[in-house]
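Asks: 3D model of this:
(one chain, ligands or ions: 1)
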Amino acid sequence: MADASTFNSAAYGGSGWSQRTAGHDQEIGSLWRGGIDSEWRQLRTVLLCRPGAEIAVNDFNAAQQLEALDLVRAQEEHDQLAAAYRNAGVEVLTTPATEAPTPNRMFCADLFVMTPQGAILARPASTVRAGEEVATAQALAAARVPILRTLTGSATFEGADLLWLDAETAIIGRGLRTNQAAIEQIARLCADLGVNLTAVDMPFGTMHLMGMMRIADRNLAIAWPRRTPHAAVMLLREKGYRVAFLPDEDAAQANRALNFVTLAPGKILMPGGNDLTREWYDGLGIEVIETPMFELRKAAGAVGCLTGIVERDTA
Ligand SMILES: NC(=[NH2+])NCCC[C@H](N)C(=O)O
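Replies: As a prediction, this is how the structure comes out:
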């Protein structure tokens with residue numbers, strides 16, 4: 001009797017069973033949210049992490065900072081960054097508090113990267129940042145952003161090493177922060193997603209691919225002269241980008257003029273105090289909004305590094 005009744009029930013595939021037919025990609029926007037397939041389409045959602053007492057360290061070099069930071073000034077600048085996003089109509093998510101916060105956890109761009117169908121969680125390369133990805137995973141999960149992959153084994157990867165050139169093409173920098181093991185794991189995921197991943201080698205003494213090239217519009221990339229990998233420039237051009245090289249490396253170096261986030265096609269949020277580079281961006285037809293980064297940049301990053309991109313419009 002029991003058998004006969006279970007056999008025909010919905011739970012066992014009998015009458016009343018309703019098959020899930022929508023694919024994961026179709027469930028983004030309903031069950032799940034988030035995703036990008038470009039670096040320049042309208043920005044919708046970012047993840048930020050307001051700095052706390054963890055950034056005021058004894059040994060700034062060991063903490064991967066360039067100079068000691070003033071906490072109050074850093075927090076004020078960070079609040080202005082969040083306000084700049086909100087004023088631009090961008091939703092701001094925040095990383096939850098943790099018991100033992102580490103000094104670089106505010107650099108959200110390094111802790112994950114989005115694909116069109118969900119996030120790849122980072123596995124930071126130094127012991128100083130190890131584990132920052134855990135709170136990032138919590139923040140993403142709380143916001144219903146799917147995590148497609150966490151990295152395993154000896155892989156190290158930081159999100160600022162991966163950039164989207166178009167919906168089927170991503171580029172990843174191999175260097176201090178992202179190693180070959182990570183590239184292999186990410187390439188397998190990309191293959192599943194129908195995305196070509198090109199790895200480029202970065203010069204010794206540099207940090208992330210983000211620090212060498214940025215994309216400001218559908219067909220406009222900004223690159224650091226002599227530092228951007230040759231293969232990256234070739235690939236950008238092949239994909240139809242004009243590659244404009246920064247006119248003044250010293251200004252860019254001192255004040256992180258390249259460390260911007262594209263808010264919408266041809267519109268960027270950049271660190272304030274870069275008048276020369278700003279004028280040059282104006283000349284390229286880019287609309288610029290500035291936000292101060294005079295204190296935060298002492299931690300070796302600026303707008304781009306502090307901003308985890310969660311969602312943009314997609315093609
Ligand atoms: N995407 C970036 N450039 N992030 C900057 C991170 C800076 C941080 N002090 C670190 O060494 O990890």
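
Asks: near the ligand, which residues of this protein?
Replies: Residues of the chain lying close to the ligand by CB under 6 Å from any ligand atom are 64-65, 104, 107, 109-110, 129, 160, 207-208, 210-211, 299-301, 305. All C-beta atoms are positioned from the backbone trio N, CA, C, and that covers glycine.

Asks: so for stretch 24-35, what gets flagged as buried?
Replies: Within stretch 24-35, the residues that count as buried by 16 or more other CB atoms under 10 Å are 28, 32-35.

Asks: can you tell me which of the residues you listed is closest to the ligand?
Replies: The closest of the buried residues of stretch 24-35 to the ligand turns out to be G34 (CB to the nearest ligand atom; 19.2 Å).

Asks: which pLDDT value belongs to the closest one?
Replies: Confidence at G34, expressed as pLDDT, is 97.

Asks: please apply the same query to E249.
Replies: The model's pLDDT for E249 equals 82.

Asks: that one touches A223, doesn't it?
Replies: No: between E249 and A223 there is no contact, the gap being 11.2 Å when judged by CB atoms under 8 Å.

Asks: which neighbours do the two share?
Replies: Taking CB atoms under 8 Å, 6 or more residues apart in numbering as the contact criterion, E249 and A223 have no common neighbours.

Asks: so the two - more neighbours on which side?
Replies: A223 (21 against 15; other CB atoms under 10 Å).

Asks: with adjacent residues omitted, what lies nearest to that one?
Replies: M213 (4.5 Å; CB to CB, 6 or more residues apart in numbering).

Asks: the stretch 1-150 of the chain: helices as residue ranges?
Replies: 2-7, 71-87, 132-142 (DSSP state H, counting those that start in this stretch).

Asks: nope, the stretch 201-315 of the chain is what I was after
Replies: 230-238, 249-255, 275-283, 303-306.

Asks: got the buried residues for the first one?
Replies: Translated: helix 230-238. Those would be 232-233, 235-236, for helix 230-238 by 16+ other CB under 10 Å.

Asks: can you redo those residues as a markdown table with distance to A100 and pLDDT?
Replies: As requested, these are exported to a markdown table (distance: CB to CB, whole Å; pLDDT from 0 to 100):
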| residue | distance to A100 | pLDDT |
| --- | --- | --- |
| A232 | 37 | 98 |
| V233 | 41 | 98 |
| L235 | 40 | 98 |
| L236 | 40 | 98 |
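
Asks: out of those, which comes closest to T156?
Replies: Of all those, the one with the least separation from T156 (CB to CB) is A232, at 20.2 Å.

Asks: and the residue lying closest to that closest one once chain neighbours are set aside, helix, strand or coil?
Replies: Setting aside the residues directly before and after it, A232 is nearest to V200 in space (CB to CB, 6+ apart), at 4.8 Å. With DSSP: H, G, I helix; E, B strand; the rest coil as the basis, V200 sits in strand.

Asks: for V200, give the beta-bridge partners.
Replies: Using DSSP bridges, the bridge partners assigned to V200 are G173.

Asks: residue nearest the centroid of this structure?
Replies: A109 (3.7 Å; CA atoms, centre = their mean).

Asks: list the contacts of that one.
Replies: So A109 contacts 159-160, 210, 301, 304-309 (CB under 8 Å, 6+ apart).

Asks: and those as JSON lines, adding pLDDT?
Replies: Shown next, in JSON lines, are the contacts of A109 (pLDDT from 0 to 100):
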{"residue": "G159", "pLDDT": "98"}
{"residue": "A160", "pLDDT": "98"}
{"residue": "M210", "pLDDT": "96"}
{"residue": "G301", "pLDDT": "96"}
{"residue": "G304", "pLDDT": "98"}
{"residue": "C305", "pLDDT": "98"}
{"residue": "L306", "pLDDT": "98"}
{"residue": "T307", "pLDDT": "98"}
{"residue": "G308", "pLDDT": "98"}
{"residue": "I309", "pLDDT": "98"}
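
Asks: need the max-distance pair from those residues.
Replies: Across the contacts of A109 (CB to CB), the longest gap, 14.5 Å, separates G301 and I309.

Asks: which stretches in the stretch 51-200 of the chain count as strands?
Replies: Assigned by DSSP state E, counting those that start in this stretch, the stretch 51-200 of the chain shows strands spanning 91-94, 112-115, 118-121, 147-149, 162-166, 169-174, 196-201.

Asks: mind putting the ones you listed in CSV, mean neighbour count and mean pLDDT included?
Replies: Output for these, formatted as CSV (neighbours: other CB atoms under 10 Å; pLDDT from 0 to 100):
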stretch, mean neighbour count, mean pLDDT
strand 91-94, 16, 98
strand 112-115, 25, 98
strand 118-121, 23, 98
strand 147-149, 17, 98
strand 162-166, 22, 98
strand 169-174, 22, 98
strand 196-201, 17, 98
